[in-house]
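> Give the three-dimensional model of this entry:
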Amino acid sequence: MSTNDIIPRIGFQSRIRRSPYFNATRRYGCKVYSTYNHMYLPMSYDDPVNEYWKLLNDVTLWDVGVERIVEITGPDAFAFTNLLTPRDLTKCAVGQCKYVVITAADGGIINDPVLSRLGENHFWLALADSDVLLWAKGLAVYAGMDVQIQEPDVSPVQVQGAKSKQVMQALFGDKVLELAYYDCMETDLNGMPVVIARTGWTAEVGFEIYLRDGKRGEELWQTVMEAGKPYNISPIGPCQIRRMEAGILNYGVDMTLADNPYEVGLDWLIDLDQDADFIGKEALKKIKQQGIKRKLVGVEISGDPLPAPNEQPYWSVSYNGTVVGKLRSFTYSPRLEKTIGYAMVPIEHAELGSELTVETVISEAKMMVVEKPFLDPSKDIPKS
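This next block holds a predicted model:
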């Protein structure tokens, strides 16, 4: 038997943390795990296409306890949090959430969390896969501000899909239906303290439930599953197909510390005109003034569906036989009946309609730059 015949797997070990829902995900048949923020992330219970249709037609439950929370409190919490991100937080009211980027001094992207403002000086950052807790604690040492920074006992799950409102109404009553897109509220469920947010990683109708007592993780999981039975609820992993259709980026894949917000199309998160300073402000001003030399673009790839991207490194993108960039993510969309993806290419090849080629493990395939998001650019679905 060659080494290529051995099926790789993740070995569970004590140094990688488990969410409060981990045992429930095992019990409900999770087949594949990855690691994220030093924790196990349930990736799939079923074929990814089957999970995609469950999301679109019914309702799904995800263990996203890997979205570790950085909590910032104290008299100077607002000023300190505003220092972390280019987004002007004076425009974020208590009870609102905002998608933000956290930038380094050179403008590189450290993380792209969802920020929740629970009080005038009480903020949560629900993190992508990088060590923002250490970054924030390091900055606080020299910031000269009165803040407390910690990882609280908070673990989210996502309830996403066409029938998610019905499930959440069954759990929390009519009040949950009053939440606007990207709003949040503090409440409880059978005595379990939670925060509910109209957010998610799907651009479908959806909610996140942030449990504030990790000892009750399996109880919350089972309570949601019972409420969802009439609506054909299923546990699934993060839906790569739907997030890519929606133009959602995956930190560590589509964008990294080596990329800045202008290059990946997140310049709408940068408020350079605000009075307050923030980390990377001068660098981002310079980048905007000089213009970018490369850009993350949406692409359509011709031919048959390609092998799963999580099994491949970045593939080379070429123009007239010369390598000019990399394909960062791709997936086959059953609804669009196309292979779609994101590629980082020089700005001269970023115009809509630009024709390129990508070198796959199968053969060379034609690729065209297209508009993204690929579906629902105004986000009418999640706002509904």
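
> the domain parsing of this protein - what is it?
3-63+153-243, 69-150, 293-384 (automatic domain parsing).

> Run through this structure and note the low-pLDDT ranges.
Along the chain, segments meeting pLDDT under 70 span 1-8, 307-313.

> Would you mind finding the longest strand in it?
strand 322-333 (DSSP state E).

> and Val141, what helix or strand is that in?
For Val141, the host element (DSSP states H and E) is helix 132-143.

> so after that helix, what's the next helix or strand?
strand 148-150.

> chain center to that following strand: distance?
23 Å (Cα atoms, centre = their mean, to the nearest Å).

> So which bits of it are buried?
By neighbour count with 16 or more other Cβ atoms under 10 Å, strand 148-150 contains the buried residues Ile149. No exception for glycine: its C-beta is placed from N, CA and C like everyone else's.

> now do stretch 13-31
Buried, per 16+ other Cβ under 10 Å, within stretch 13-31: 18-22, 24-25, 28, 30.

> Contacts made by it with the rest, please.
35, 38-40, 42-46, 63, 65-66, 155, 157, 211, 214-218, 220-222, 225, 235, 237 (Cβ atoms under 8 Å, 6 or more residues apart in numbering).

> Ends of it, what's the gap?
End-to-end distance for stretch 13-31: 17 Å, by Cα to Cα, to the nearest Å.

> wait, what's in contact with the closest residue to Pro193 other than its chain neighbours?
Spatially, and ignoring its direct neighbours in sequence, Pro193 is nearest to Arg212 (4.1 Å; Cβ to Cβ, 6 or more residues apart in numbering). Applying Cβ under 8 Å, 6+ apart, we find Arg212 in contact with 152-154, 192-195.

> can you rerun that using 7 Å?
Contacts for Arg212 (Cβ atoms under 7 Å, 6 or more residues apart in numbering) come out as 153-154, 193-194.

> Name the nearest of these relative to Lys98.
Val154 (17.7 Å; Cβ to Cβ).

> tell me the contacts of the closest one?
69, 210-212.

> In these, find the pair that's most separated.
The span of the contacts of Val154, defined through Cβ to Cβ, is set by Ile69 and Leu211 at 10.8 Å.

> returning to what we had before: so which of the contacts of stretch 13-31 sit within strands?
Using DSSP E, the contacts of stretch 13-31 in strands are 35, 39-40, 42-44, 63, 155, 157, 211, 235.
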